[in-house]
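J.: Got a predicted model here, sequence first, then my questions.
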Amino acid sequence: MSINSCSSSSKQSVPAQTGDLTAVLVSLSDAQSDIKTLTVKSGEQIPLWTGLSGSSVVSQFHWSVGAGSKPETLIDVDEGEVDQNPPERFSGRLFQDTKTGSVNISSARVNDSSIYEGRITAKDNTVFTVKYNVTVLEADLITPTAGPPHDPSAHTRTQPDVAIVVVVVAGVVAVAVAVAVCVVLYKKNKGGQGETVAVTRKAGENITLQTGVTGLHGDDQIFWSKGEERFVIMDFDEGVLVRKTSERFHLDIKTGSLTICSLSINDSGLYQGQIINGNSSQHSFNVTVLEADLITPTAGPPHDPSAHTRTQPDVAIVVVVVAGVVAVAVAVAVCVVLYKKNKGKCWCNSDVI
């Protein structure tokens, strides 16, 4: 079933779950004066939890940012009605759980560091506050170690050395390949579960980004974002379409798959979809949209085996092969380091909607 698609659609719901709300609220009331300290790195999530769980345990909640007498409002929710008009720097990065009052801020920035306060009103009219002192640090940078001091005399030559020139060229090519492989691995593992699927379509065509998931329920949250900054283009939560940036986007609420109609060149980019429920999952697609009519390059001249015939060993070729093997070994080592560094990072905590 899809939202705003050509076929008819309907909303689904799941019976509410119940829990011992009174015990939870008593526990929270005892600690409501505490200010929790939260430190994250730039690009990570800022989870502002209320500590509540269960289905629809709050009736109202209000979150603000900033200390002093005039804090800025982040979000207001009253009986499921969301009034979200945050400061410009938070636009497209706020996600609320209307059942528990928790809020999540994606793609943290250094200037997000501040005091965050939530005022929560439960179904039984119990009111309590939650405060966080959030610090956002710069992401770690790898500082390269210094090499040996330069020795000009080591490069003194009496005549051109063809083998050295060939090695330098081969080294440049090998480094370029290594960088490309590392970038692909880094993007593949950066903050996501599973691999990034590359898809290519022509302008004017349609594309469906398949999640492979089936049997979703009406109270599951599904949202899709575009680009490295993860700008939200589609947000569906508890049977309500919270955000949709284009009429060309259609969401299948049974599978979480996203369809983009009438593709244009500007639709090229990284798309990431996340399904938040008991078994949360994330799906990434690198979409490339080509012009409808492309010129096919003509074939080159036929291969001539005789052009490669030799009568004696070529020392330069041997040097290139050795240099290539060393370069590949270095590239593999760098890629393994990047892969292990980024493996297991998650875009969004699976417990938050």
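T.: Yep, it's here. The structure displayed is predicted, hence computed values, not measured ones.

J.: how about low-confidence regions in this structure?
T.: Applying pLDDT under 70 to the chain flags the ranges 1-33, 54-56, 141-163, 182-194, 294-320, 335-353.

J.: hmm, try it at 50
T.: In the prediction, the chain carries residues with pLDDT under 50 at positions 1-32, 142-143, 154-159, 188-193, 295, 298-300, 302-313, 344-353.

J.: how's it carved up into domains?
T.: In the domain annotation for the chain, the residue ranges read 19-137, 163-293+318-353 (automatic domain parsing).

J.: how about CSV for the ones you listed, with mean neighbour count added?
T.: C-beta: built from backbone N, CA, C; applies to glycine. Written out in CSV, the entries for the domains of the chain read as follows (neighbours: other C-beta atoms under 10 Å):
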stretch, mean neighbour count
domain 19-137, 17
domain 163-293+318-353, 16
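
J.: Could I get the full set of strands for the stretch 101-250 of the chain?
T.: Counting by DSSP state E, counting those that start in this stretch, the stretch 101-250 of the chain forms strands over residues 103-105, 114-122, 127-137, 196-202, 207-209, 221-226, 231-237, 240-244, 249-252, given from the N-terminal end onward.

J.: The fourth one - contacts with which helices or strands?
T.: Taking 3 or more C-beta pairs under 8 Å, 6 or more residues apart in numbering; DSSP states H and E as contact, the helices and strands that strand 196-202 lies on are strand 207-209, strand 281-290.

J.: For Lys244, which of these is the nearest?
T.: For the helices and strands packed on strand 196-202, distance to Lys244 was read as C-beta to C-beta. The smallest value, 15.2 Å, belongs to strand 207-209.

J.: who touches that closest one?
T.: Identification of contacts with strand 207-209 by C-beta atoms under 8 Å, 6 or more residues apart in numbering yields 199, 201, 224, 257-260, 263, 271, 273, 283, 285, 287.

J.: Identify the farthest-apart pair in the residues you listed.
T.: Based on C-beta to C-beta, the longest span within the contacts of strand 207-209 runs between Leu263 and His283 and measures 18.6 Å.

J.: Of the strands of the stretch 101-250 of the chain, give the one that comes closest to Gly43.
T.: Shortest separation from Gly43 across those is recorded for strand 127-137, at 9.2 Å, computed as C-beta to C-beta.

J.: quick one: that closest one to strand 114-122, angle?
T.: Between the direction of strand 127-137 and that of strand 114-122, the angle (axes from the mean of the first three to the mean of the last three C-alpha atoms, to 10 degrees) works out to 150 degrees.

J.: Numbering from 24 from now on, please.
T.: Sure, I'll start counting at 24 from here, so that last one is strand 150-160.

J.: So what are the sheet partners of strand 150-160 and their directions?
T.: Sheet pairing here is set by DSSP bridges, and for strand 150-160 it gives strand 58-64 (parallel), strand 137-145 (antiparallel).

J.: Give me the contact list for that strand.
T.: Defining contact as C-beta under 8 Å, 6+ apart, one finds that strand 150-160 is touched by 48, 51-52, 55, 57-65, 69, 71-74, 131-145.

J.: Please export the C-alpha coordinates of that strand as CSV.
T.: Presented in CSV, the C-alpha positions along strand 150-160 are these (Å, rounded to 0.1, in the frame of the first residue of the first chain):
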residue,chain,number,x,y,z
VAL,A,150,3.9,16.9,35.0
PHE,A,151,7.7,16.5,35.1
THR,A,152,10.7,18.0,33.4
VAL,A,153,13.8,16.5,31.9
LYS,A,154,17.0,18.5,31.4
TYR,A,155,20.1,17.7,29.3
ASN,A,156,23.4,19.6,29.2
VAL,A,157,24.6,18.6,25.7
THR,A,158,28.1,19.0,24.4
VAL,A,159,28.9,18.3,20.7
LEU,A,160,32.6,17.7,20.0
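
J.: how much space between Asn108 and Asp99?
T.: If you measure Asn108 against Asp99 using C-beta to C-beta, to the nearest Å, the figure is 9 Å.

J.: Pull the contacting residues for Val198.
T.: Taking C-beta under 8 Å, 6+ apart as the definition, contacts of Val198 comprise Ala350.

J.: for Phe246, same thing?
T.: Contacts of Phe246 by C-beta under 8 Å, 6+ apart are Phe118, Val255, Met257, Asp258, Phe259, Asp260, Arg266, Gly296, Gln297.

J.: From Gln119, how far out is it?
T.: Separation of Phe246 from Gln119 (C-beta to C-beta) stands at 12 Å.

J.: next one: Gly141
T.: Counting by C-beta to C-beta - Gly141 and Gln119 are separated by 10 Å.

J.: Now distance to Val190 too, for the strands paired with strand 150-160, in JSON lines please.
T.: As requested, those are arranged in JSON lines below (distance: least, C-beta to C-beta, whole Å):
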{"stretch": "strand 58-64", "distance to Val190": "40"}
{"stretch": "strand 137-145", "distance to Val190": "54"}
